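Student: What follows is a predicted structure for the sequence shown.
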Amino acid sequence: MKLLLDTHIILWFLGNVEKLSEEALSAITEPANEKYISIVSAWELAIKINLGKLTFEGGVANFFTMIEENGFELLPVKEGHIKHLETLTLHHRDPFDRLLLATAIFEQMTLITFDKEFTQYGVPLIH
């Protein structure tokens, strides 16, 4: 299964694993699953660190290191993601979440998120 982790999910996995559901943790730790982190999550992290809304020891540089050390693949934003983003209805207005959602749909991935608003888009989800 191809998995895309929402930003809060990767942060929980890296630092507060007890916040993850058993289903999410099992999917993330299953060796047969392909696990992706969008560059959008790093962008969101960098902005929130800069604004003082979030702390992450070692900053975004450490985030990249931890992603690699944990076997996640970093996924760039592609033209198709942006094109699909334009077609999404406005159930969810957060720009980071909308781009993650468009990415998951375009790449035919299962999105791991705690965000219940994603259920309105028909993308496979793990909560």
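Tutor: Perfect, thanks for sending it. Since the model is a prediction, treat every value here as computed from it, not as a measurement. Numbering: from 1, shown residues only.
Student: can you pull out the strands in the protein?
Tutor: In the chain, the strands defined using DSSP state E lie at 2-5, 34-38, 73-75, 110-112, 125-126.
Student: Could you list every helix and strand that the last one packs against?
Tutor: Read it as strand 125-126. Packed against strand 125-126 by the contact rule (3 or more C-beta pairs under 8 Å, 6 or more residues apart in numbering; DSSP states H and E) you find helix 22-29, strand 110-112. C-beta: built from backbone N, CA, C; applies to glycine.
Student: do you know which of the strands of the chain lies nearest residue 22?
Tutor: Closest to residue 22 of these is strand 125-126 (C-beta to C-beta; 10.5 Å).
Student: Neighbouring strands - and their directions - for the closest one?
Tutor: strand 110-112 (parallel) (DSSP bridges).
Student: Can you give the distance from the partner strand to the centre of its chain?
Tutor: 8 Å (C-alpha atoms, centre = their mean, to the nearest Å).
Student: Check stretch 56-67 too.
Tutor: From the chain centre to the centre of stretch 56-67 is a distance of 15 Å (C-alpha atoms, centre = their mean).
Student: Columns mean pLDDT and distance to residue 67 on top of the strands of the chain, output as CSV?
Tutor: Shown next, in CSV, are the strands of the chain (pLDDT from 0 to 100; distance: least, C-beta to C-beta, whole Å):
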stretch, mean pLDDT, distance to residue 67
strand 2-5, 98, 10
strand 34-38, 98, 5
strand 73-75, 98, 6
strand 110-112, 98, 14
strand 125-126, 98, 19
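Student: closest to residue 82 out of the ones you listed?
Tutor: strand 34-38 (12.5 Å).
Student: Okay, angle between the closest one and helix 22-29 too, please.
Tutor: 100 degrees (axes from the mean of the first three to the mean of the last three C-alpha atoms, to 10 degrees).
Student: As CSV, the strands of the chain with mean neighbour count and distance to residue 85 would be great.
Tutor: Below are those laid out as CSV (neighbours: other C-beta atoms under 10 Å; distance: least, C-beta to C-beta, whole Å):
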stretch, mean neighbour count, distance to residue 85
strand 2-5, 22, 14
strand 34-38, 21, 12
strand 73-75, 14, 14
strand 110-112, 22, 14
strand 125-126, 19, 18
